[in-house]
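**Student:** Sequence first, then the predicted structure, then my questions.
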Amino acid sequence: MHPIALLAISVLMTTTGQLLLKEGMNRHGHLRVRSSLGTLLRVAFNPWIVGGFSLVFAASILWLSVISYLDLSLAYPLLSSSYIVVLLGSAIFLKERVTRAQVIGVVIITCGVALVSTS
């Protein structure tokens, strides 16, 4: 498979994993740094959290394949395409409010990525 296709799959897996992690924490509530072991175990074994970490881990394996083919100076900036996916996913699936400033920021980042990827 082409490295750019692997990178796109990795981005989708990572962002989906992050959305699952956030949903898991939304269902759990705030997690304090000094939480009890029982609380940490409940979070660790929450199905949303397990699914999120599993996707992020699998995406990391794909990432290793990507950087074995592409220069890191090209591949890493392309990861910022995840900002678009997270912004959309957060609004659609998590019902988060997306501000105009966030959209403008993502557009600027996307333009920068396009500039880097064509150089």
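**Tutor:** Yes, it's here. Numbers count the residues shown, from 1 in each chain.
**Student:** centroid residue for the protein?
**Tutor:** residue 15 (2.9 Å; CA atoms, centre = their mean).
**Student:** show me the contacts for that residue.
**Tutor:** 82, 85-86, 89 (CB atoms under 8 Å, 6 or more residues apart in numbering). The C-beta positions use only the backbone N, C-alpha and C, and glycine is treated the same way.
**Student:** pLDDT and neighbour count for the residues you listed - can I get that in JSON lines?
**Tutor:** Putting those into JSON lines (pLDDT from 0 to 100; neighbours: other CB atoms under 10 Å) gives the following:
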{"residue": "82", "pLDDT": "92", "neighbour count": "17"}
{"residue": "85", "pLDDT": "93", "neighbour count": "18"}
{"residue": "86", "pLDDT": "94", "neighbour count": "20"}
{"residue": "89", "pLDDT": "96", "neighbour count": "18"}
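**Student:** just the helices in this protein please.
**Tutor:** Using DSSP state H, the helices of the chain run over 3-28, 37-44, 47-69, 72-78, 82-92, 100-117.
**Student:** what number of residues lie near residue 36?
**Tutor:** 9 (other CB atoms under 10 Å).
**Student:** Same question for residue 62.
**Tutor:** Residues within reach of residue 62, counting by other CB under 10 Å, total 20.
**Student:** ok so, going back, what's the closest of the contacts of residue 15 to residue 117?
**Tutor:** Lowest distance from residue 117 to the contacts of residue 15 (CB to CB) belongs to residue 82, with 14.4 Å.
**Student:** Look up how far residue 30 lies from the closest one.
**Tutor:** Remark: distance between residue 82 and residue 30 (CB to CB, to the nearest Å) = 25 Å.
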